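> how does the following fold in three dimensions:
(2 chains)
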Amino acid sequence: AQTVTQSQPEMSVQEAETVTLSCTYDTSESDYYLFWYKQPPSRQMILVIRQEAYKQQNATENRFSVNFQKAAKSFSLKISDSQLGDAAMYFCAYRTYNTGGFKTIFGAGTRLFVKA
Amino acid sequence: GAVVSQHPSWVICKSGTSVKIECRSLDFQATTMFWYRQFPKQSLMLMATSNEGSKATYEQGVEKDKFLINHASLTLSTLTVTSAHPEDSSFYICSARDQLAGTLAKNIQYFGAGTRLSVL
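Numbers count the residues shown, from 1 in each chain, chains lettered A, B, ... in the order given. This is a model prediction of the structure:
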């Protein structure tokens, strides 16, 4: 069965520093998508970044970048120059399609604290 | 920036009744919208992809007859929770993809503020 594991329930980072949130997944599929979502205390979700499994190049969005290791089934999120507004719950997600249709699995989330 | 309006923000209903949640893209057209469900302990589920003018694409394991999705225009998608029961109580979130912003590969999505459903 496909699973997504975020092994760090909580992380903290000093403002302006860099932090990496881990995400590993288990699948036998070769084609899939990976996502990082951010949910601040307001609960308004933001799609931070998306990665297609067939692409070797790591996706980046401004200060957010991923380290996608397909063989290791790892999809970590790096936040550079952390800002107070980065404090949020971060969810990693995996999405694939098979004969049963689309299936998306979310990790349990990592709560990120940013210290001033 | 682009705004997605979700209404109502909070609804309380009796068991057995149906509840409709609206999701509107206010200043852009969205051929594709998404419906998510966040359970009381924060875990998330993508329920379905709503496609303008056609049937929604439900994720595996989601009851289509329970969660009715209609996307009749480029700016409005609705989720109806039919015959709601206490176990349907959750935070429901919609998002809309701006079809004109960037390329499809960019996959820009804007999220609504969510609807808290409490079924008594």
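
> which helix or strand in chain A has the lowest average pLDDT?
Every helix and strand of chain A was ranked by mean pLDDT, DSSP states H and E. The lowest is strand A:60-61, at a mean of 92.

> can you pull out the strands in the chain?
You didn't pick a chain, so chain A it is. Secondary structure of chain A (DSSP state E): strands located at A:3-5, A:10-14, A:19-21, A:24-26, A:33-39, A:46-52, A:60-61, A:64-69, A:74-79, A:88-98, A:101-106, A:110-115.

> that was the other one, I meant chain B.
B:4-7, B:10-13, B:19-25, B:32-38, B:44-51, B:57-58, B:67-73, B:76-81, B:90-97, B:109-111, B:115-119.

> contact residues of chain A facing chain B?
Applying CB under 8 Å from any CB of the partner chain, we find that chain A lies next to chain B at A:37, A:42-47, A:50, A:89, A:91, A:93, A:95, A:100-104, A:106, A:108-109. (C-beta placed from N, C-alpha, C; glycine too.)

> drop anything exposed from those.
By neighbour count, with 16 or more other CB atoms under 10 Å in any protein chain shown, the residues of chain A next to chain B hold A:37, A:43-47, A:50, A:89, A:91, A:93, A:95, A:102-104, A:106, A:108-109 as buried.

> and B:Ser118, how many neighbours does it have?
The number of residues packed near B:Ser118 is 13, by other CB atoms under 10 Å in any protein chain shown.

> could you do A:Ser7 as well?
Counted with other CB under 10 Å, the neighbours of A:Ser7 add up to 11.

> need the contact list for the residue lying closest to it once chain neighbours are set aside.
Using CB to CB, 6 or more residues apart in numbering or on different chains and skipping residues adjacent in sequence, the residue nearest A:Ser7 is A:Ser22, 5.5 Å away. Listed by CB atoms under 8 Å, 6 or more residues apart in numbering or on different chains, the contact partners of A:Ser22 are A:6-8, A:74, A:76, A:110.

> between those residues, which is nearest B:Asp27?
Closest approach to B:Asp27 among the contacts of A:Ser22 (CB to CB): A:Thr110, at 32.5 Å.

> mind listing the residues bridging to the closest one?
Beta-bridge pairing for A:Thr110 (DSSP bridges): A:Tyr90.

> so how far is chain B from it?
11 Å (CB to the nearest CB, to the nearest Å).

> was I right to think that residue contacts A:Met89?
Yes. With contact defined as CB atoms under 8 Å, A:Thr110 counts as touching A:Met89 (7.2 Å).

> what stretches of chain B score poorly on pLDDT?
For chain B, the stretches flagged by pLDDT under 70 are B:1, B:101-107.

> what parts of it come near chain A?
B:36, B:38, B:42-46, B:49, B:57-61, B:91, B:93, B:95, B:107-109, B:111-114.

> separate out the buried members of the residues you listed.
B:36, B:38, B:44-46, B:49, B:58-59, B:91, B:93, B:95, B:107-109, B:111-114.

> number of residues surrounding residue 15?
Went with chain A since none was named. Residues near A:Glu15, counting by other CB under 10 Å, number 13.

> not quite, I wanted chain B
12.
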